[in-house]
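Colleague: sequence plus predicted model, see below.
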Amino acid sequence: PTSEAPCRCDRRDEHCNSRLCVCCRVHRLGAGGAVRAMSKVEFDQFIFRKCYWLSSERIEYIRGVILPTLYDRLGEGPIHKLSLGFYSRVYNDPVLSVIFASSTMDEAVRNQADFLTQLFGGPRIYAQRKGKYTRLVSRHGAYQINEEHAERWLCHMRVAIDNVDELRCDNEVSAALNDYFTYTAYWIVFGLTQGMVNRGQPTGGTTVDPGRNW
């Protein structure tokens, strides 16, 4: 269905002269013409160019069935070990460490561990600390993140997963995490390149973290 609904993205006229406005998932049928909402298939195909072995169904299954059970299956220990092992590598990476220069490793570990705990069906400590909305693209909006960063991030995360016994020994869990993180890393890169950033409060909380959004 088509309509004359205006574009809803922050960049409006500058960006929305293009036929495909991914900021607000609107497909423009011509400059100044009718628009229609992008279908999920149209939107996901941008991401699946990089994650070619994945599918929308696989990602939805991971999000809806596997991830919400992991806190009960794993407990807090393996989640913290994952984040600690991951950031131990990141802070020694000459490219990625620049992104995290404004934070200590302890802060980064805590943020990710709280986020994963919540994502995995555990206590919503991350939301209490950082705001009720995840908005991963907006949280990374202050950083110049590209595909190289995503690939390095994923390399370190895969090693971190393999170094946690509880994850390495569970093929379903390790495969689901690798697939989810791969999809999400490229989703963030794609979102940033397309300007999908909330220019105001990115978290839904009452304050913005000093010096960073994540």
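Modeller: Ah, there it is.

Colleague: which parts of this structure are strands?
Modeller: Along the chain, counting by DSSP state E, strands occupy 20-21, 26-28, 35-37.

Colleague: quick one: mean pLDDT over the longest helix anywhere in the chain.
Modeller: Criterion DSSP state H: the longest helix present in the chain is helix 171-193. For helix 171-193, mean pLDDT is 85.

Colleague: what packs against that helix?
Modeller: helix 40-48, helix 56-61, helix 70-74, helix 136-139, helix 147-162, helix 165-168 (3 or more Cβ pairs under 8 Å, 6 or more residues apart in numbering; DSSP states H and E). To be clear about C-beta, it is placed using only N, CA and C from the backbone, and glycine gets the same treatment.

Colleague: hmm, try it at 10 Å
Modeller: Where contact means 3 or more Cβ pairs under 10 Å, 6 or more residues apart in numbering; DSSP states H and E, helix 171-193 is packed against helix 40-48, helix 56-61, helix 70-74, helix 76-90, helix 105-119, helix 136-139, helix 147-162, helix 165-168.

Colleague: which one of those lies nearest to residue 98?
Modeller: Of all the helices and strands packed on helix 171-193, helix 147-162 sits nearest to residue 98, with 9.6 Å by Cβ to Cβ.

Colleague: per-residue confidence at the closest residue to residue 108 other than its chain neighbours?
Modeller: Closest residue in space to residue 108, ignoring its immediate chain neighbours: residue 87 at 5.0 Å, by Cβ to Cβ, 6 or more residues apart in numbering. We have a pLDDT of 95 for residue 87.

Colleague: before we move on, what about residue 160?
Modeller: As predicted, residue 160 sits at a pLDDT of 97.

Colleague: closest one to residue 129 among the helices and strands packed on helix 171-193?
Modeller: Of all the helices and strands packed on helix 171-193, helix 105-119 sits nearest to residue 129, with 6.5 Å by Cβ to Cβ.

Colleague: circling back to that earlier point, need the helices and strands packed on helix 171-193 in JSON lines (columns: distance to residue 175 and mean neighbour count).
Modeller: Converted to JSON lines, the helices and strands packed on helix 171-193 look like this (distance: least, Cβ to Cβ, whole Å; neighbours: other Cβ atoms under 10 Å):
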{"stretch": "helix 40-48", "distance to residue 175": "17", "mean neighbour count": "15"}
{"stretch": "helix 56-61", "distance to residue 175": "10", "mean neighbour count": "14"}
{"stretch": "helix 70-74", "distance to residue 175": "13", "mean neighbour count": "17"}
{"stretch": "helix 76-90", "distance to residue 175": "15", "mean neighbour count": "20"}
{"stretch": "helix 105-119", "distance to residue 175": "16", "mean neighbour count": "19"}
{"stretch": "helix 136-139", "distance to residue 175": "21", "mean neighbour count": "20"}
{"stretch": "helix 147-162", "distance to residue 175": "10", "mean neighbour count": "17"}
{"stretch": "helix 165-168", "distance to residue 175": "10", "mean neighbour count": "15"}
